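J.: pasting the structure only:
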């Protein structure tokens, strides 16, 4: 085991460890176990984490770096590659709760407030900060859109080359919002899973030796960025863990990392363990529901799918962390739901109308699944609940474009306004 | 003069005062002087403002309400109508500075980070909080788009009815992002100035007695919200006023209020007066430049225009605060520029490529004018400068849609990638 702090002298990261077989590896740009090909995860110096105090965190900046002492990289502000995401609003969704018959507090953790308007800024900031420390000089990713936006913007701000790979049928908003930053943008004629496969091949070539693919060769660091969502929710609730969380699933990684963040906060003494624990719910779209189906079928067999439907940012048919998401949900007594396109569109409007938060399709999936979980009784309406909105409605306008529009169109005169019924 | 604190017991607002003739009026939903029809402004109890300390502000929330003691309304958190905007990033634009030959620090105050992604959330939060205190039960506005988004979202979160008026030719993104919140949306077949005129008539009717038009009958409170942009820049620089600011102009109000905020901070002792003062620059688009033209023509005569061009959020042909913007710029030794559509598009890409900030057309206008001001020598490249990005690129995608896109389109194979030149 290495003890050389390759990610900086203050990094609490000590090893990579295989989530499948437990084999340990030194900190490096490695994402799969040499023993069993299982996915690797960052392992920390628990003593270092236990020395972190609430006061220390609260005195930090109003972004994810307030938790730098709990992350693998970024302890030195001067060496960060970041747009400073995080500390996004935890919105009190009282009107939504009332409409759904939820009697306990209901919150929306609104990550559309991040710099490129999705939760991906968190994982990209951590991944690229680690990548820079590891010596990479070009940044890349395979993306369903939001990640593309974030990597391209991070690269632009840091003055670094980037090359981003996306499926060519992505939403227009996400293509333009990547290309505008001026890096290379490669549209692949295939699904996200095809794009991901190609990137796994490219990363092994000499031409890409200098290139950090945030969700391939530096994936273990990338994944840790999602923990900040869990940390923030707990801190924003006054250092408490909510009884129930509803989280969208693409690879399934976000769900597992929020669960991990809660467990870590308890383990290192930053929050008290809730007497009844917490319950994790997962949300997918009907067009891409391999993890939820495995749960419903009471199996560990996750059957890859060819995704369809409007929730493109969740369209990962072969989800890398699906098994771990199943484990989190089963262990905490939760459940998974999926919602079809009409339900997603309705949920986007429901959320907007009751909270002022305009979510992208992934947020619609989550709220639609919340609705179904309440109806089926799987989610307890008398317990405090946090739902995660991971992206911005402006990026997926087409989802609701046909459904909403002006209620009146009139000529600019009082007479016309009266005739249209705007005045009685 | 009233001494009844209609806006709450802790409001420092004491009167409304005519900006033209100085006549005073009690705090009320009134926007024009009964004596001379001049615009009204909020006047404060200077003693109350002088008791505000930096420590008090710094201990406040990370949004505009940290400055509640300097605003007309919102001192009681429970009575606010707000999405909690503000404390948006002050981005170090070092790469942009280098490209333009600016040797002093250059900053972008990025208000696309607000909840509905424009600076309008600031003015709407203050206006509607005042409106609620004044007894209004429906919220409205005349808007070029961003204001529509913000009023509709504020109304949704607060569970209040809204009716929003827009020109029918607005960008698709701004129409959908208003309609999705579920309030009434009236598309007017005319220009913003037509919309504004109609709203001025509607507000006098019985049907709209219960309705606060944020930029008509409660305009004096609305306008004060813009001061928070100036406060934040000074606080984020460590309680210093920058030597130069470049600000986009629609009505011209934002520019005058940032200038006012700086003056107020000096007057009440929260910042030291800079030895050489500060210089205010204004930015318009070539398709709507009545204020800049008046400056260039050395006149106080602002000739109304019929706006054209892609910077729709700045398309106010008959700018209400134009005269006061001229006054600010002349008094501080500044200048005004305007940029055509191609310059705006180029500037959006320049800003994105060098800072990771994707601005809407109004931000493009401001950066394009910065470029021209540096070239002409009007702006001193050796002095610290802050440029204001007031909105989000996702809302005006069409502006750059034709100019940016994937650099490669390939099939998902290593062979195809090699043939396309992605691998050497």
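T.: Thanks, I have it. Since the structure is predicted, the reported quantities are computational estimates derived from the model, not experimental observations.
J.: C-alpha from now on. contacts and neighbour counts both.
T.: Noted.
J.: neighbouring contacts of stretch A:152-162?
T.: Here stretch A:152-162 makes contact (Cα atoms under 8 Å, 6 or more residues apart in numbering or on different chains) with A:81-83, A:116, A:124-125, A:137-140, A:151, A:163-164, A:178-179, A:181-184, B:95, B:352-357.
J.: mind listing which of these are in helices?
T.: A:124, A:125, A:151, A:178, A:179, B:95, B:352, B:353, B:354, B:355 (DSSP state H).
J.: distance-wise, check the fifth one relative to chain B.
T.: From residue A:179 across to chain B, the span is 5 Å (Cα to the nearest Cα, to the nearest Å).
J.: show me what contacts residue A:76?
T.: By Cα under 8 Å, 6+ apart, residue A:76 lies in contact with A:8, A:10.
J.: mind checking pLDDT for it?
T.: pLDDT for residue A:76: 97.
J.: mean confidence (pLDDT) on stretch A:253-261, please.
T.: Stretch A:253-261 comes out at a mean pLDDT of 98.
J.: and if you look at stretch A:45-55?
T.: Mean pLDDT, stretch A:45-55: 97.
J.: report the buried residues of that stretch.
T.: A:49, A:52 (16 or more other Cα atoms under 10 Å in any protein chain shown).
J.: and stretch A:320-327, by the same measure?
T.: Per 16+ other Cα under 10 Å, stretch A:320-327 contains these buried residues: A:321, A:322, A:323, A:324, A:325, A:326.
J.: next: stretch A:102-109.
T.: Applying 16+ other Cα under 10 Å to stretch A:102-109 flags A:102, A:105, A:106, A:107, A:108, A:109 as buried.
J.: any idea how far residue A:374 is from residue A:360?
T.: Applying Cα to Cα, to the nearest Å, the value for residue A:374 to residue A:360 is 22 Å.
J.: compare those two (neighbour count), which wins?
T.: Taking other Cα atoms under 10 Å in any protein chain shown, residue A:374 and residue A:360 do not tie; residue A:360 has more neighbours (29 against 15).
J.: shouldn't residue A:314 be in contact with residue A:287?
T.: No. The criterion here is Cα atoms under 8 Å, and residue A:314 misses it with residue A:287 at 9.5 Å.
J.: between the two, tell me which one has more neighbours.
T.: Higher neighbour count among residue A:314 and residue A:287: residue A:314, with 27 against 21, using other Cα under 10 Å.
J.: once you drop chain neighbours, what's closest to the more buried one?
T.: Distances taken as Cα to Cα, 6 or more residues apart in numbering or on different chains put residue A:250 closest to residue A:314, at 4.3 Å, once the chain neighbours are dropped.
J.: in a helix, that neighbour, correct?
T.: No. Residue A:250 is assigned coil when assessed by DSSP: H, G, I helix; E, B strand; the rest coil, not a helix.
J.: who's in contact with it?
T.: A:284, A:313, A:314, A:315, A:316, A:319.
J.: can we see that at 10 Å?
T.: Taking Cα atoms under 10 Å, 6 or more residues apart in numbering or on different chains, we find residue A:250 in contact with A:144, A:282-285, A:288-291, A:311-322, A:362.
J.: please apply the same query to residue A:338.
T.: Counted by Cα under 10 Å, 6+ apart, residue A:338 has contacts A:248-249, A:282-293, A:344, A:365-366, A:368-370, A:372-373.
J.: SS state for it?
T.: strand.
J.: quick one, grab the pLDDT at it.
T.: Looking at residue A:338, the pLDDT reads 98.
J.: now it: how far from chain B?
T.: Distance from residue A:338 to chain B, counting by Cα to the nearest Cα: 23 Å.
J.: for that residue, give the beta-bridge partners.
T.: residue A:284 (DSSP bridges).
J.: any figure for the gap between it and residue A:284?
T.: 5 Å.
J.: residue A:375 against residue A:337, yeah?
T.: No. Using Cα atoms under 10 Å, residue A:375 is not in contact with residue A:337, being 11.5 Å away.
J.: neighbour-wise, which of the two wins?
T.: residue A:337 (27 against 14).
J.: the more buried one: what's it in contact with?
T.: Contacts for residue A:337 (Cα under 10 Å, 6+ apart) come out as A:246, A:248, A:281-286, A:289, A:291-293, A:295-296, A:365-366, A:368-373, A:378.
J.: please list only the buried members of these.
T.: Taking 16+ other Cα under 10 Å as the criterion, what is buried in those is A:246, A:248, A:281-286, A:289, A:291-293, A:295, A:365-366, A:368-373, A:378.
J.: next step: the contacts of residue A:337 restricted to helices.
T.: Using DSSP H, those in helices are A:291-293, A:295-296, A:365-366, A:368-373.
J.: surely residue A:166 is within a strand?
T.: Yes. Using three-state DSSP, the assignment for residue A:166 is a strand.
J.: which of the buried residues of stretch A:320-327 are close to chain B?
T.: When Cα under 10 Å from any Cα of the partner chain is applied, no member of the buried residues of stretch A:320-327 is adjacent to chain B.
J.: how about the residues you listed in JSON lines, adding secondary structure and pLDDT?
T.: Output for these, formatted as JSON lines (DSSP: H, G, I helix; E, B strand; the rest coil; pLDDT from 0 to 100):
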{"residue": "A:321", "secondary structure": "coil", "pLDDT": "95"}
{"residue": "A:322", "secondary structure": "helix", "pLDDT": "97"}
{"residue": "A:323", "secondary structure": "helix", "pLDDT": "96"}
{"residue": "A:324", "secondary structure": "helix", "pLDDT": "97"}
{"residue": "A:325", "secondary structure": "helix", "pLDDT": "98"}
{"residue": "A:326", "secondary structure": "helix", "pLDDT": "98"}
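J.: phi and psi next, for the residue nearest to residue A:314.
T.: For residue A:250, the backbone dihedrals (degrees, to the nearest 10) come out as phi -110, psi -80.
J.: residue A:45 against residue A:5, yeah?
T.: No. Residue A:45 is beyond contact range of residue A:5, at 11.5 Å (criterion: Cα under 10 Å).
J.: show me the domain layout of chain A.
T.: Following automatic domain parsing, chain A resolves into domains at A:13-81+A:120-222, A:90-116+A:226-401.
J.: what are the ranges of the strands in the stretch 151-300 of chain A?
T.: For the stretch 151-300 of chain A, applying DSSP state E, counting those that start in this stretch gives strands covering A:161-167, A:184-188, A:211-213, A:244-248, A:279-285.
J.: what strands line up against the third one, and which way round?
T.: If you go by DSSP bridges, strand A:211-213 pairs up with strand A:138-142 (parallel).
J.: repeat that for the second one.
T.: In the sheet containing strand A:184-188, the strands it pairs with under DSSP bridges are strand A:161-167 (parallel), strand B:408-410 (parallel).
J.: enumerate the residues of the stretch 201-350 of chain A near chain B.
T.: Taking Cα under 10 Å from any Cα as the criterion, the stretch 201-350 of chain A approaches chain B at residues A:201, A:202, A:205, A:206, A:207, A:208, A:348, A:349, A:350.
J.: now for those: which two are most distant?
T.: The most widely separated members of those, counting by Cα to Cα, are A:206 and A:350 (49.7 Å).
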